[in-house]
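Colleague: with the sequence up front, the predicted model follows.
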Amino acid sequence: MELALSPDDAAFRDEVRAFIKDNYPAEMRVANPETDLSKEQMLLWHRILHNKGWIAPLWPKEYGGPGWSITRRFIFEQETTRAGTMPPLAFSVTMVGPVIYTFGNDAQKNKFLPRILSGEDWWCQGYSEPGSGSDLATVRTKAVRDGDHYIVNGHKTWTTLAQHADWIFCLVRTDPTAKPQSGISFLLIDMKSPGVTVRPIITIDGSHEVNDVFLENVRVPADNLIGEENKGWTYAKFLLGNERTSMAGIGRSTRYLNRLKKIVKAEIPEDDPAHLEFIRDITRVELDVLALEATELRVVAQMARGIDPGPAASLFKIRGTEIFQNITELTHRAIGNYGLAIREHPVSANRFMPGPDYGHTASEKYLNSRKLSIYGGSNEIQRNIIAKAVLGL
Amino acid sequence: MELALSPDDAAFRDEVRAFIKDNYPAEMRVANPETDLSKEQMLLWHRILHNKGWIAPLWPKEYGGPGWSITRRFIFEQETTRAGTMPPLAFSVTMVGPVIYTFGNDAQKNKFLPRILSGEDWWCQGYSEPGSGSDLATVRTKAVRDGDHYIVNGHKTWTTLAQHADWIFCLVRTDPTAKPQSGISFLLIDMKSPGVTVRPIITIDGSHEVNDVFLENVRVPADNLIGEENKGWTYAKFLLGNERTSMAGIGRSTRYLNRLKKIVKAEIPEDDPAHLEFIRDITRVELDVLALEATELRVVAQMARGIDPGPAASLFKIRGTEIFQNITELTHRAIGNYGLAIREHPVSANRFMPGPDYGHTASEKYLNSRKLSIYGGSNEIQRNIIAKAVLGL
Amino acid sequence: MDIQFTEEQELLRSSVQRLLRDQYDFEARRKIVASEDGLGRKQWAEFAELGLLAAPFSEAAGGLGGGPLSTMIIMQEFGRHLVVEPFVETVVVAGGLIEQVGSDAQKQSYITDIIAGTKLWALAWTEKGSRFDLATVATTARRDGDGYVLTGEKTAVVAAPWSDYLIVSARTSGHRHDRGGVSLFVVDRRAANLDLQSFKTVDGRRAAEVSLRGVRGELLGREGEGVAALEACRNRAIGALCAEAVGAIGELNAATLEYSKTRKQFGVTIGSFQVLQHRMVDMFIAHQETLSLMQHLSLSLNDDEAGVSRLASGAKSKIGYAGKFVADQAVQLHGGMGMTDELNVGHYFKRISSINIQFGDPAYHVLRYAQLDAAA
Amino acid sequence: MDIQFTEEQELLRSSVQRLLRDQYDFEARRKIVASEDGLGRKQWAEFAELGLLAAPFSEAAGGLGGGPLSTMIIMQEFGRHLVVEPFVETVVVAGGLIEQVGSDAQKQSYITDIIAGTKLWALAWTEKGSRFDLATVATTARRDGDGYVLTGEKTAVVAAPWSDYLIVSARTSGHRHDRGGVSLFVVDRRAANLDLQSFKTVDGRRAAEVSLRGVRGELLGREGEGVAALEACRNRAIGALCAEAVGAIGELNAATLEYSKTRKQFGVTIGSFQVLQHRMVDMFIAHQETLSLMQHLSLSLNDDEAGVSRLASGAKSKIGYAGKFVADQAVQLHGGMGMTDELNVGHYFKRISSINIQFGDPAYHVLRYAQLDAAA
């Protein structure tokens, strides 16, 4: 499905398409880029986009953004996801960057923004703590002022790719007596500081994506406080609301659907009754994608006309993750007996993996995608949000 | 699926089977017995069972029950439902009867029980009121003592087959100052009393099964109070807990599944891809029935060993109604374009109904069965019950 | 994407809304349905006067040139008010077919009468055993002088008892399931040897079994090319029915939400129960998604895009399943009230369930979507 | 109906429970899975000593005569503890086949060793493209002297890397999909010209692709009648796997319920949220229903009833779907914790998902159930 584009926008789309085709690094095209790329490999595309000036579509021009319209941002997003490129690290460009240029002081802007754009600094997010789940206001990590430093003690968890990070942006409790959401501050912490320890968490698919981060008497310069002390919840909420349509994951779902169709074609003869059943199940997911994409286009068109889309992000998160989980399940089912096998991590070329190439990640993806309905505010929480914000319940 | 029966029980099963075959009235075999039989027709089978001494399987022998074991009761129920017989009116035999012999005084037992058994009195249930829904404790119908009478004023609704009833058993509020559940009494009211008005409620399938019952200054002899004043909630709860396994509706579901299979065979050619899809969907419902039946047999076996089945009735109600709704949906889908048509009520032989005979009630059953997940304590309420009673939540 | 309506389209929408608000509330509709005829002739005349019956036709055909987008606007409102009059059958289906394949004389005569509101039409295509396949036709048409004579049985023809004319598909050559050899004919509903057995439909309409025993018919379009014409016609009909379904879904959601905020159980509003909240969120999502698909389909019909046939099947299926989900839950959340004939909720349920049969059920269109994909 | 266990059966159950509680907690299992061999040889010896490996075999074959009911009892407990040792492959599948169709000499030799715990077995029946069809066999067996020589490729053979013997299905006549012409052979896993490519499975086991290039095999059962033997064998395997799944389901439900009562969010336990309560009610219902079906199937296997093959398919399918639902929800309700390798919840998820592949997935068995119905 395509937006009806003006000639200029259509030319832009073609330019993006061609740029990706000519420049996306071949060595990033691995089966599972989320888990199988080294840090250096992940940064290759980041640097190419940075050189082109396209690394931060959402940023205002004065901080290094390309100054695109909403439509162009959408085109860029659509083209990059459809082409299956690995998006630049969201924690840096999409998440902490906008917080810094919106709420940070000039010194912070000058220090951090260029290094985010260039990929020099790799950021991770210190929100979740053991026991906090989707209830982020239960921050227990403490930051106590000591002269021009804070002394930070606490335990962050589910920290994605912390093993590569140079910096972590943290919610910390600076006023233990205030109400849960009022005593929280937003602090930037250098991962090389003494007292910071990272411990891997291995997930059920065998991969190492997330980590525990322990903070023991970590001395953080007070200069690294964003905005005002005890106002951190405001900035955190701004950040959570900053994502919009990308959560629908249309591009990703479309690519995985196409792969699924190929697997069914190759694995299941047409005269097997299972074939028709797959066709039916796949088509129903395809129609789910179609309806979600049409909704995404409608919301983008509304936003371009200045209409606030409300909690559309929650809708996209719910349906986008349900759809993708469904696709990974069907793929796992389609691959049949080979679904018993799982790749071993860290991935090594010496390990034997049975069955056709296209099935090697079926189990892994199936297992890994279980997280989608949990992370980033569980789907139950997203439904609570819509119930409150849209339905007034 | 069969119970492994002792020779005696097997002989009993054969006897029941033969009795039904030889005695069930042919004129009760209409497409929709629930709506299409006259009162007199409905009572035909009741009277035959009464003469045989089989009308009240649950009743103790002293009040006219047959004195069967749990296993025999189950056999009788299984055989009668499988044979597609129309069960005798539950409000009389299954519901008010046990309340009367358990909590009533001797005069009430002598007066009412024989007429219930013989079918002379037809009872209806005065529980629901406008706005009460599944929350029966919100009774607003008032009964005020006046000498040796109560003066009753109120409005009961969803009263099934009140149009035929001689008596109604009512929850009435006798103490307006007490907490919701404490000020309620259980009163038997003669439908011929001045001030009782019945108004039909037509449901979305066009049938007249339920009614509004208005009570305006109805004088009810205080002799018609069951047990103690303000203790009515206890008797009502006893009554609600009195049903067990019958709610699974295995016999009914099995009969409708067989009819559905015949329709699919007749309407949809095997080379139509829809055929395989129906086979799949029907088989999954069949397996649902199989699992529920196996569970019913397990609970019956446990009960026969004296094990309390807990809120098994809630489980059977939830799954039994979900399954039957699913079967009526599939039947409606199978009948294709004829699903547009609906029979007109009151049913008249002069009215034309298109399509094959077996499809004439497809729309009606589909619509009517929507009520199953609402009535008798909605399925949401049943899940609340299990959450509390079994899971301790 | 979101359709930004033109001033004309906004005007059309608000005038339909005003008319229905004034003249077609639930009580008025009940009277229409209960009447002998089952049809609001007066309302139909108002529709004509307001230009609704002219809206989708091209200006060349004497219409207002509003095309599928005006159909969408009208049908969404008709869906909200459960309008029973045969707009889809007369204007979208028959009118659309005549405009598409009719001769100049046929257009001149028939479309003028449709726009004027003086003639009603119905399409007789289904037969015993045809289920949803346009090509399965056993009714035959035999050449006879400069006309044709039709013999066969058509089933479940919605609006036939109201109609002045029927468009009938009949076989001029080939075998029962052949795609080729089916032709379309205009037949006078009161013609000799044509018999109707009328019945009421679940959604408050009238339909009939139609028996033709040597009925004279006038060829519409080219001989043998009826299936292709019917396919294009079905796409437009699906566009209209999807808009109607979306209108009904929106009303059901609004009614359910409002009910949940006022209705109390166990001392609190039922809208405070999380299980029901999440159910209503899913109903909201279903409405958003169907709204988007409806617009997308209407735009494609408007632009006569290449993939429109496939998209029509996709929308019919997805909107059908979504509508069924919403209708089921609206009845469930209204409790006993949802089961009564008095409340509008059950009537939306019944209309959605009929839409899901007309021109193919959701399961049929899922497979059709897949087949058209494989073919592409 | 509910099985009232005999004293012997109760004893079996409590002794398995005691053994696993003492020696097979989640930490012990983790060490076994992480070991070089991936297998608890010591535990296997304990199973033998306790008589578990003898339990299902008839007394004539040197067993304890416990039949399918003892398998059910053992496997339900194994499911609760996620036991990885190849009880199903060695005792139920291979042992069962040998007892069913083996010669006296084969029974004498092989079953004795199985019961003693000194030999492990695996069944190699799946091939590239065979999916779940027992009759699709391209591997060939050619007569050679008084034995046979096998050539072909078998895929995803669970427990093969641990095994001393394989039972291999191979074609002695007919074409690739023919039901007739398939025979079974005992093959020494260390035989010449037999190669394994081993890999780890998602549920902590070891499996292999098996390549046979002229490997000597010993006929098991009658030539050409392998498919019928495999069908009966599959019924027994399904009985065992269903019991294992029910054990896992029970543990997942217990863990989820307990977690929901302790874990707090927004100041209250998550078990207080109605949406999660209803989810857990559906998980409870799923457990009740699967428990009933499991018992029903085991009784039918025990009595060798006529419809047992159909019932096996029905149970495999229904318990498979129920298990998937419970596993999905158990992970979801455990939140992030459910995603970690550290917690047992994800491991139950993975075992259930593997059970759903072994001997046919739920969708396959739905259609098989329907076909056997049509055939009946």
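Modeller: Nice, I can see it. Residues are numbered from 1 along each chain as shown, chains lettered A, B, ... in the order given.

Colleague: wait, what's in contact with residue 138?
Modeller: Chain wasn't specified; assuming chain A. Contacts for A:Thr138 (Cβ atoms under 8 Å, 6 or more residues apart in numbering or on different chains) come out as A:Glu129, A:Gly131, A:Ser132, A:Pro180. All C-beta spots, glycine's among them, are computed from the backbone N, C-alpha and C.

Colleague: chain C is the one I meant
Modeller: Each residue near C:Ala138 by Cβ under 8 Å, 6+ apart is listed here: C:Glu127, C:Gly152, C:Arg171, C:Arg176.

Colleague: among the residues you listed, which one sits closest to chain B?
Modeller: C:Glu127 (9.2 Å; Cβ to the nearest Cβ).

Colleague: endpoint to endpoint, stretch A:191-206 covers what distance?
Modeller: One end of stretch A:191-206 to the other measures 25 Å (Cα to Cα, to the nearest Å).

Colleague: residues of stretch C:110-122 that come out buried?
Modeller: With burial defined by 16 or more other Cβ atoms under 10 Å in any protein chain shown, the residues of stretch C:110-122 counted as buried are C:Tyr110, C:Ile111, C:Asp113, C:Ile114, C:Ile115, C:Gly117, C:Lys119, C:Leu120, C:Trp121, C:Ala122.

Colleague: in helices, which of those appear?
Modeller: Secondary structure defined by DSSP state H assigns C:Asp113, C:Ile114, C:Ile115 of the buried residues of stretch C:110-122 to helices.

Colleague: mind putting the contacts of A:Thr138 into CSV with distance to chain C, neighbour count and secondary structure?
Modeller: Formatted as CSV, the contacts of A:Thr138 follow (distance: Cβ to the nearest Cβ, whole Å; neighbours: other Cβ atoms under 10 Å in any protein chain shown; DSSP: H, G, I helix; E, B strand; the rest coil):
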residue, distance to chain C, neighbour count, secondary structure
A:Glu129, 25, 20, coil
A:Gly131, 21, 14, coil
A:Ser132, 20, 21, coil
A:Pro180, 21, 15, coil
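
Colleague: quick one, which of the contacts of C:Ala138 are buried?
Modeller: The neighbour count (16+ other Cβ under 10 Å) marks C:Glu127, C:Gly152, C:Arg171 as buried among those.

Colleague: need those residues in CSV (columns: pLDDT).
Modeller: Compiled in CSV, the buried ones among the contacts of C:Ala138 are given as follows (pLDDT from 0 to 100):
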residue, pLDDT
C:Glu127, 97
C:Gly152, 98
C:Arg171, 98
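
Colleague: and those residues, which of them are in strands?
Modeller: C:Gly152, C:Arg171 (DSSP state E).

Colleague: quick check, C:Phe349 in a strand?
Modeller: No: going by DSSP: H, G, I helix; E, B strand; the rest coil, the assignment for C:Phe349 is helix, not a strand.

Colleague: give me the residue ranges of the chain where confidence is low.
Modeller: Just so you know, I chose chain A. Residues of chain A meeting the criterion pLDDT under 70: A:1-4, A:241-245, A:346-350.

Colleague: nope, chain C please
Modeller: Applying pLDDT under 70 to chain C flags residues C:1-2, C:374-376.

Colleague: domain map for it?
Modeller: Using automatic domain parsing, the domain parsing of chain C gives C:7-119, C:122-224, C:228-375.

Colleague: strands of chain C, residue ranges please.
Modeller: Ranges of strands in chain C, per DSSP E, are C:121-124, C:140-144, C:147-158, C:165-171, C:182-188, C:194-200, C:206-220, C:264-265, C:268-269.
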